[in-house]
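Novice: Need a 3D model of the sequence below.
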Amino acid sequence: MSVPGASCPNCGYDTTTLQSCLYIAPSPFQPLFDSHTSRQDISAARTQLKIFTNAVRIELHDVEARVARLRQSLQAAEQNYANAECVLNAHVMLNPPLESLPTEILSYIFSLTFKKPFDIFAAKPRMPWLLGQVCRHWRALAWQTPTLWNSFKGRDNVRRKVCYEPKLEEVLNRSGNSALHVSLDNLMPSRARTLARHVSRLLELEVRCWFATLYALRAAPEMSMLTKLSVNVEPTDNVPHPERVNFDIASKAPRLTHVDLNLIFVSINIPRVFLLPWPQITHLKLDLGTNNYHYIYHILSQCRNLVSFTDTCRDNFYQASDPYLLPTPSSIYVFAHLTFLEIRSSLAVLSCMQCPALRMFTLRGASEDVELTEADWEDFRAFVERSRCTLQKVTFIPEHYMRHQSEYSAPLRKLLSFVSHVPKVTVAR
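Specialist: Numbering: from 1, shown residues only. Below is the predicted model of the structure:
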């Protein structure tokens, strides 16, 4: 009952039109379905009906056989496809597309996989060390990419009986000749000596250390690339006479422009100990503490090219009986380029400053027992009138206990009234 032609022997589909070549012959008994014929009339054609139904059954068995063969062929084809796909993937992995990327692009992708600076003293392996655990190619590339290793931070915990010096040396060596961005907390003198051998590549250095650490760093021949220096000196020290440890880099750091000094826990002669290239400093942040605050005039007298100055000392309030009374400045220092000024606590330091280019001024509160005084208000008024600056933004940030007060103190009200013409005046709550 198959139509002769170009049909597939397995599935019975036409090889040109992809349409089924199998069909059921028209039933000669179709009139019987459309009319109300009695069973006696059907019995007359019983023999012919039996012949027709047997032929349809044979055709149905033939179709079932072809469907079974088709399923077997489909299963075999699916198995062959899966085998071919496995072979293809296995051979593609011999030379994956990622391996064909230029090393510069792959190195750049590596640099985007983690946030810098990374922690050099982490207890568990982290980036970029994890890149070396993927494959030999990645390990070789990561180990030879200096920009992955040139920005790091860490806290050297002296209580751990672990020697971090080899790890520091490893990172410094892998950074090649690239510029270093280093931030180390509790830096030990032995680690500082390791860092000193690479100090000529330092671009930014932030350390919390002892004087002995500074003594190790100052032995470096030059700091030609250093642009930012942040030093927080710890009070505990094995050096009996800190005054003898002169951190002299005045001629070693020709590019240094950003300095941050935190000396609240020590009492030293700053002009003698810290010999920095003050005239070229443009961004200065100081927290000298009460014991060292009287040196602030000496520092400001040398920093005439400041663009930004922040005084974060909490305890720079001086009373008449204070042995560290801030002296009256001998002269007024003009800062022609200073545009940002932030003072914490007392405004007495403004008595030595004249800033004609000042645009933003911020005053921060200090402690619970100190508020803005009448002397501060007078210093600020005299400073603004002397500078003849055009302020664009004034911000006052009191301590937490003052933020819930319903009324401001009289000096603060005077200050706010004096700057009422400023476009943006903010009092933090």
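Novice: CA-only coordinates of whichever strand or helix holds Leu300 in PDB, if you can.
Specialist: If you go by DSSP states H and E, Leu300 is part of helix 296-302. This file holds the C-alpha atoms of helix 296-302, laid out as PDB (Å, rounded to 0.1, in the frame of the first residue of the first chain):
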ATOM      1  CA  ILE A 296      52.500  73.900  63.500                       C
ATOM      2  CA  TYR A 297      53.600  77.400  62.700                       C
ATOM      3  CA  HIS A 298      57.100  76.100  61.800                       C
ATOM      4  CA  ILE A 299      55.600  73.600  59.400                       C
ATOM      5  CA  LEU A 300      53.100  76.100  57.800                       C
ATOM      6  CA  SER A 301      55.800  78.700  57.400                       C
ATOM      7  CA  GLN A 302      57.600  76.400  54.900                       C
END
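Novice: which other residues reach that helix?
Specialist: 270-271, 278-279, 284, 286, 288, 309, 311, 326-327, 329-331, 333, 349, 352-353 (Cβ atoms under 8 Å, 6 or more residues apart in numbering). (Glycine included, C-beta is placed from N, CA and C.)
Novice: Asn89 and Ala82, how far apart?
Specialist: Using Cβ to Cβ, to the nearest Å, we find Asn89 at a distance of 11 Å from Ala82.
Novice: actually Pro221, not the one I wrote
Specialist: Applying Cβ to Cβ to Pro221 and Ala82 gives a distance of 66 Å.
Novice: related to what we said a few turns ago, the helix holding Leu300 - what's its average pLDDT?
Specialist: The average pLDDT for helix 296-302 rounds to 86.
Novice: So for that helix, what gets flagged as buried?
Specialist: Of the residues in helix 296-302, 296-297, 299-300 count as buried by neighbour count, 16 or more other Cβ atoms under 10 Å.
Novice: roughly how far is that helix from the heart of the chain?
Specialist: Relative to its parent chain, helix 296-302 has a centroid offset of 35 Å by Cα atoms, centre = their mean, to the nearest Å.
Novice: need the next SSE after that helix, C-terminal direction.
Specialist: Scanning forward in sequence from helix 296-302 by DSSP H and E, the next helix or strand is strand 308-311.
Novice: Partner strands of that next one, with direction?
Specialist: strand 283-287 (parallel), strand 340-344 (parallel) (DSSP bridges).
Novice: mind saving the C-alpha coords of it as PDB?
Specialist: Presented in PDB, the C-alpha positions along strand 308-311 are these (Å, rounded to 0.1, in the frame of the first residue of the first chain):
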ATOM      1  CA  SER A 308      44.700  71.500  50.700                       C
ATOM      2  CA  PHE A 309      45.400  71.600  54.500                       C
ATOM      3  CA  THR A 310      43.700  69.500  57.100                       C
ATOM      4  CA  ASP A 311      44.400  69.900  60.800                       C
END
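Novice: How far off centre is that strand?
Specialist: 25 Å.
Novice: What mean pLDDT does that strand get?
Specialist: Rounded mean pLDDT across strand 308-311 is 92.
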